Structures are given as structure tokens and as C-alpha cells.
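S.K.: any chance you can model this:
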Amino acid sequence: MAKTIAIIFGIVFVLVGLLGFIPNPLVGANALFETDALHNLVHLVIGLVLLYVGTKKPAASARWLTIFGVIYLVLAVLGFLFISGEGLLLGIVHINGADNWLHLVLGVVLLAFGLKGKGSTSMPPAPMPMA
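M.R.: Sure thing, here's the model as predicted:
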């Protein structure tokens, strides 16, 4: 399951990263989710990493889902605490309040799938004997 989730999120991140470079009301400059070129490139890199690990062992997919989940939770906290007046996270990338909430949700979801995927890599339980 972790491999499938990694591929699904990988596709979504790549599409969102590409969409950020095209003027639209959802993702990009002055959009619902404020991004800039660096932010869009980060989405592309995350998407490509998830697509890559989605082709590897389930443990690798689960590990990277967990890593990105933690990263997104940290980004959410930092975003809620330290957005500058210009809408920059730590003076580096453009974000806004909608991004912060999305990062929080993504962090929880990615972390949950990553941890669930780590648990599912063990041996399945032995079948119950028939009486």
C-alpha cells in the first residue's frame, strides 16, 4: 500500500509543481495557495522522489512518506509562527495561511500513511487453524 500511496502523492506533487508555473487561481503567485518558483521546484522534487521510491520496496516508500510527513508538519508549525510581512516562510519561499493549513493536513496524512506502511511490511499473521 505504501508504494501505491507514494506514487499517487508523487503524481499530485509533480502536477502541482508544474501548475505553479502556469498562471491560475489555485497555485502560484497571488493564488489561493501562494507559491513562487522555488516553492514549485520543491513540489516537483518531492513528487519525483515519491515516484522513484514508489517503484522500490514498500519500506522505502513508507520511510519517505514518513520523512515528508514530518517535514510538512514542521513547515506548518514554522508557517504559523514565522511568516514575514511579505508572505515569506523564514524569508525564503512564498506561502500564505492556506498553505499552512494544507501543509498541516499533508503532514498528518503523509505521516499516517508512512507509519501505517512501516507496520504493513512485516510478515502477515499465521492463518487460524480450522477446528
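
S.K.: from here on, contacts and neighbour counts on C-alpha atoms
M.R.: Noted.

S.K.: give me the longest helix you can find in the protein.
M.R.: Ranked by residue count and defined by DSSP state H, the top helix of the chain is helix 58-82.

S.K.: wait, what's in contact with Tyr52?
M.R.: By CA atoms under 8 Å, 6 or more residues apart in numbering, the contact list for Tyr52 is empty.

S.K.: ok, now Trp101?
M.R.: Per CA under 8 Å, 6+ apart, neighbours of Trp101: Ala76.

S.K.: what's the helix or strand for it?
M.R.: helix 97-119 (DSSP states H and E).

S.K.: what angle separates that helix from helix 58-82?
M.R.: 150 degrees (axes from the mean of the first three to the mean of the last three CA atoms, to 10 degrees).

S.K.: in helix 97-119, which residues are buried?
M.R.: Buried residues in helix 97-119, defined by neighbour count with 16 or more other CA atoms under 10 Å: 97, 99-118.

S.K.: now stretch 83-92: average pLDDT?
M.R.: Stretch 83-92 comes out with an average pLDDT of 74.
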